[in-house]
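> A predicted structure for the sequence below; I have some questions about it.
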Amino acid sequence: MDGGPDRRGWLPCYLSGAVFAVCMAGTTLPTPLYSLYQDELGFSELTVTVVYAVYAFGVIGVLLLAGNASDAVGRRPVLLWGLACAAASAICFLCASALGWLYAGRLMSGLSAGLFTGAATAYVMELAPGRGSPRASFVATAANMGGLGCGPLLAGVLAQYAPWPLHLPFVVHLALLSVSAVVLFRLRETVGERQPLNTVRPQRPGLPPEVRAVFRPAALASFVGFALFGVFTSVSPALLSQFLDVDNRAVSGLIVALAFFASIAGQSVVGRIGERRSLPLGCAGLLGGLALLAAALWWQLLPLVVLSALIGGSGQGLAFRASLSQVAAASPADRRAAVISALFVVAYAGISLPVIGVGVLSSHIGLQDAGLIFIACMAVLVTCAGAYLLRRRTDDGSPTPRGAAERHSH
């Protein structure tokens, strides 16, 4: 009998989550299209990885310079700026007659993601009944990763089966952004006491001493998880085309999307199994995903790439949500935002720096060998994180009280 009112109470939360997903979809929209841009503009695989990584630098810049903007000026203004940056990114790609347009498009895309990452997560949870409930947390998580997964899927299908492959995906995204802006104007503001823009100050990520033991494995696991996503969303279409004869862009987009959808699945079970177990399990999943990707490159088998996306994506979801929860729980209240910003900076460094390394190596030793070296390096990092977690658990003697951990995971 309460289903109708309950649904109406949750509608603003779901609508804000949809806006979040639309913005994040734009950040991965070009993924299946890079090979077409290479053919049209004539640039190397290294350039593809640099174009991709410009996005991460945009995100990191916003997190450092204006990560707390929505706390001061309100959620909706910051999200509207984010939608404007996303629209500017789509326009840059529509005008992409030279490489500079791609760099500008990726930079604007990074700015939009940086503005949305913190503000939209808070907004989704604040618009939900009861504010910080597990359901609201999952809506925010699913909107973020689901949007990232929908981008390559949408672009791949349109590029493969519809006309104007380098234009139609961005026209569709512009239309979705317009609808999102209308929705955003109709949602209420959740920040009560707003301040002028000149009160926003750059945030320097910091680590209080009591957070460092928790932060090290969380940061390593986050770095590796996002690095795996970075490779999937930058060079995996080229790997699929060159070594597995997969030239269907819809299939390439679907495989990339599977990694993000698997991350949602991984994040959804953290509350049930507890974050203390989720982080080492996530590390194991990441290691398994890396091993499967190496096997797929070595034996050139498409099913192993799909398994790598599913297992590696699930591991990333488990590890990242547990990392975020544990770091937030260990942080003093007055430093929590700065510590979480530090974790996101590490994560987005993971999505950019290793990918550039793959691009540099591929120009000297080929994409396959560069991919295998990347996998070996990431496997060492995630193994170190897992070993540190096991040693810490042995040193502690007993796990963190499960109830407290699970409350923070929600």
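Received it, and whenever you're ready, just let me know what you need. Since this is a predicted model, take the numbers as computed values, not measurements.
> Name the surrounding residues that touch the strand or helix carrying V182.
Under the criterion DSSP states H and E, the helix or strand holding V182 is helix 168-186. Contact with helix 168-186 is made by 15-16, 18-19, 22-23, 25-26, 29, 33, 76, 79-80, 83, 86-87, 90-91, 93-94, 154-155, 158-159, 162, 164, as judged by C-beta atoms under 8 Å, 6 or more residues apart in numbering. In short, each C-beta sits where N, CA and C put it, glycine included.
> redo that, cut-off 6 Å
With C-beta atoms under 6 Å, 6 or more residues apart in numbering as the contact definition, helix 168-186 has outside contacts at 15, 19, 22, 26, 29, 76, 79, 83, 86-87, 90, 93-94, 155, 158, 162.
> Closest one of the residues you listed to L297?
Closest approach between the contacts of helix 168-186 and L297, by C-beta to C-beta: A155, at 24.0 Å.
> hmm, back to that, and which of the contacts of helix 168-186 is nearest G42?
F93 (17.3 Å).
> which element follows the helix holding V182 toward the C-terminus?
Counting by DSSP H and E, what follows helix 168-186 is helix 212-234.
> Which secondary structure elements does that following helix sit against?
Helices and strands touching helix 212-234, as assessed by 3 or more C-beta pairs under 6 Å, 6 or more residues apart in numbering; DSSP states H and E, comprise helix 249-268, helix 275-299, helix 302-330, helix 336-350, helix 353-365, helix 367-396.
> Quick one: the ones you listed as TSV, columns for mean neighbour count too.
Formatted as TSV, the entries for these read as follows, by neighbours: other C-beta atoms under 10 Å:
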stretch	mean neighbour count
helix 249-268	24
helix 275-299	22
helix 302-330	24
helix 336-350	21
helix 353-365	19
helix 367-396	17
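> And the ones you listed, which one averages the lowest pLDDT?
In terms of mean pLDDT, the lowest-scoring of the helices and strands packed on helix 212-234 is helix 336-350 (a mean of 81).
> Tell me what angle it forms with helix 367-396.
Interaxial angle, helix 336-350 versus helix 367-396 (axes from the mean of the first three to the mean of the last three C-alpha atoms, to 10 degrees): 150 degrees.
> How far off centre is helix 336-350?
12 Å (C-alpha atoms, centre = their mean, to the nearest Å).
> name the helices or strands packed onto it?
Using 3+ C-beta pairs under 6 Å, 6+ apart, helix 336-350 is in contact with helix 45-66, helix 212-234, helix 302-330.
> Check the gap between P32 and A104 for me.
If you measure P32 against A104 using C-beta to C-beta, to the nearest Å, the figure is 20 Å.
> neighbour-wise, which of the two wins?
Using other C-beta atoms under 10 Å, the more surrounded residue of P32 and A104 is P32, with 34 against 18.
> pLDDT on the helix holding V182, on average?
Averaging the model's pLDDT scores along helix 168-186 yields 98.
> buried ones in it?
Within helix 168-186, the residues scored as buried using 16 or more other C-beta atoms under 10 Å are 168-170, 172-174, 176-177, 180-181, 184.
> Cheers, nothing more for now.
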